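Enquirer: sequence unavailable; structure follows:
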C-alpha cells in the first residue's frame, strides 16, 4: 500500500446542496414583542422531560455496567475447580519413614491456635507441578493473610524442606511431601500443628496459572539480579524444563540453550513464561530456597500491584488464573464477594517482610532438611505479625 492510499479522501464536491431560503412572509414583530419572546422562560414540561431523560440515561448506563459485571463474575465463578473434601486418602503405610537423630520437636500445646476472625482471613497458597502424576509435591507453600484492620495483604513462605510431623501418622517428613501423602487435609493439618494456625481454605496453583495471569496483564516489570537474568530465556523454548543444562559449577549452575534476557542486574519486563522461569530458579543461588521464595513473594506482590494499576485488566487476569486453580473449601460466594469489593482492596498494602528462621540439618535417610529454630517463639511472632490491629509505620533513621 502506497503512502497516498493512507490519505483521507476529501469529499469536497459531494456536499449536499442547501435548499434555497423561502422568503419571510410573516409581518415584522414589534420591538417589544421581540424582547418578550427572547426572555420567555423554558417550558416546565420541557424541563421535566429533560430531567427524566437524563435520569433514564444514567440508569441505563448503570444497568449496562451491572450487567457486564454480573456476566464477568458469572464467568469467573465457573472457571475454578472446587473441592470440599479429599476423596483419595493416602495409606500411612506408603509414607517413607525418616527421622533426625537427637531431634525432638518443641511442645506447642500451650499456644493458642489462631484462625479466621472478624478482620483476618488466612489462606494457604499451594504451588504444585501439575504435570506430575498424582498430587505431586507442594514445593511452594505461602500463608496468604488478608487483614482488614491494617488494610494489608501479608505473605509468609514456608520452606519446602521444613521438617514437620504429620499429625495423623506421627511420621516426620518435609512439608512439601505432606500434600502428596495427605492431600489438602494432610497439608493444612500439618501447617496447623506446626504453626498453631487453623487454615481451612487453600488455593492450589499449577505452574501455568501465574504465567497466564501475567500475560493477561501485559507482563510485569521486576528487578532481576544478574545471575537470574542469565538463566531466563529471551524467546520461549516451549518447555520450561529444557531452558538450560547443568554445567557443574555452582556459580554458573545452568547454561542456557537459548539467548538470555540479559547478563546484568536491573528491572526487566517479563512475559508470562519468563516470570514462571524466574519463580522456579533455586539451584543457582547459594542459599537455594531462601532467595527463590523471596522472588516468589516479590513476583506475587508485583503481580497484584500491576493489576491494581490496570483495573480494566483485572477481570481478564482473574479469569486466566481461576481457570487453572483448585479451590479447597472456597465457595462461589467467596469469589463473588471479592469481585464486588475489589475496589476496596486497591488501597491494601502488600507485605512480605516476615521470614521464618531455620538451621540446616540432615535426616537419617540422607535428606537435606531445615529445622525451625526457637520454634515456639517464632510461632508467637508469626501470630503477632498476622493478627496486628495497627499497621506499623516504617522506621526512619534520626
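Expert: Done, it's in. As the structure is a computational prediction, the values presented were derived from the model and not from experiment.

Enquirer: what's across from residue 173 in the sheet?
Expert: With DSSP bridges applied, residue 173 shows beta-bridge pairing to residue 164.

Enquirer: what is the burial count for it?
Expert: Per other Cβ atoms under 10 Å, the neighbour tally for residue 173 reads 25. Yep, even glycine has a C-beta here, placed from its N, CA and C like the rest.

Enquirer: same check on residue 390?
Expert: Using other Cβ under 10 Å, residue 390 has 7 neighbouring residues.

Enquirer: ok, residue 279 next?
Expert: Around residue 279 there are 22 residues (other Cβ under 10 Å).

Enquirer: tell me the helix or strand right after the helix or strand it falls within.
Expert: Secondary structure assigned from DSSP states H and E places residue 279 in helix 272-280. Remark: after helix 272-280, the chain's next helix or strand is helix 289-309, criterion DSSP H and E.

Enquirer: the helix holding residue 279 to helix 289-309, inter-axis angle?
Expert: For helix 272-280 against helix 289-309, the angle by axes from the mean of the first three to the mean of the last three Cα atoms, to 10 degrees is 140 degrees.

Enquirer: quick thing: my sequence starts at 56, can you match it?
Expert: Sure, I'll start counting at 56 from here, so that last one is helix 327-335.

Enquirer: burial check on the nearest residue to residue 136 once chain neighbours are set aside, number of neighbours?
Expert: Of all residues not flanking residue 136 in the chain, residue 381 sits nearest, at 4.5 Å (Cβ to Cβ, 6 or more residues apart in numbering). Residue 381 has 18 neighbouring residues, counting by other Cβ under 10 Å.

Enquirer: do residue 261 as well
Expert: Neighbour tally, residue 261, other Cβ under 10 Å: 16.

Enquirer: give the contact list for residue 419.
Expert: Shown in contact with residue 419 (Cβ atoms under 8 Å, 6 or more residues apart in numbering): 153, 154, 155, 156.

Enquirer: and residue 266, what does it touch?
Expert: 327, 328, 330, 331.

Enquirer: err, residue 202, not the other one
Expert: Contacts of residue 202 (Cβ under 8 Å, 6+ apart): 174, 175, 208, 209, 441, 442, 443.

Enquirer: sketch out the low-pLDDT regions of the protein for me.
Expert: Applying pLDDT under 70 to the chain flags residues 56-130, 142-146, 184-189, 294-313, 448-453.

Enquirer: can you lay out the contacts of residue 419 as JSON lines showing distance to residue 225, neighbour count and secondary structure?
Expert: Listed next are these as JSON lines, based on distance: Cβ to Cβ, whole Å; neighbours: other Cβ atoms under 10 Å; DSSP: H, G, I helix; E, B strand; the rest coil:
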{"residue": "153", "distance to residue 225": "13", "neighbour count": "17", "secondary structure": "strand"}
{"residue": "154", "distance to residue 225": "11", "neighbour count": "13", "secondary structure": "coil"}
{"residue": "155", "distance to residue 225": "14", "neighbour count": "17", "secondary structure": "coil"}
{"residue": "156", "distance to residue 225": "17", "neighbour count": "8", "secondary structure": "coil"}
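
Enquirer: between these, which sits nearest residue 356?
Expert: Of all these, residue 155 has the smallest distance to residue 356: 33.8 Å, by Cβ to Cβ.

Enquirer: for the stretch 156-305 of the chain, which segments count as helices?
Expert: 231-250, 264-271, 281-284 (DSSP state H, counting those that start in this stretch).

Enquirer: residue 258 bridge partners, please.
Expert: For residue 258, the beta-bridge partners under DSSP bridges are residue 180, residue 382.

Enquirer: residues near it, how many?
Expert: 20.

Enquirer: same deal with residue 193?
Expert: Residue 193 has 25 neighbouring residues, counting by other Cβ under 10 Å.

Enquirer: gap between the closest residue to it other than its chain neighbours and residue 377?
Expert: Closest residue to residue 193 apart from its sequence neighbours, by Cβ to Cβ, 6+ apart: residue 234 at 3.8 Å. Residue 234 sits at a distance of 20 Å from residue 377 (criterion: Cβ to Cβ, to the nearest Å).

Enquirer: and these two? Which one has more around it.
Expert: residue 234 (25 against 21).

Enquirer: most neighbours among the contacts of residue 202, which one?
Expert: Neighbour counts for the contacts of residue 202 peak at residue 209, which has 24 neighbours (criterion: other Cβ under 10 Å).

Enquirer: next, work out how far apart it and residue 287 are.
Expert: 28 Å.

Enquirer: hmm, who's touching the helix or strand where residue 438 lies?
Expert: Per DSSP H and E, residue 438 falls inside helix 430-441. Here helix 430-441 makes contact (Cβ under 8 Å, 6+ apart) with 160-161, 163, 166-167, 169, 175, 177, 198, 200, 202, 209, 211, 250-252, 409, 411-412, 427.

Enquirer: filter these down to the buried ones, ChimeraX style.
Expert: Those of those that count as buried under 16 or more other Cβ atoms under 10 Å are selected in ChimeraX with:
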select :169,175,177,198,200,202,209,211,250,251,252,409,411,427
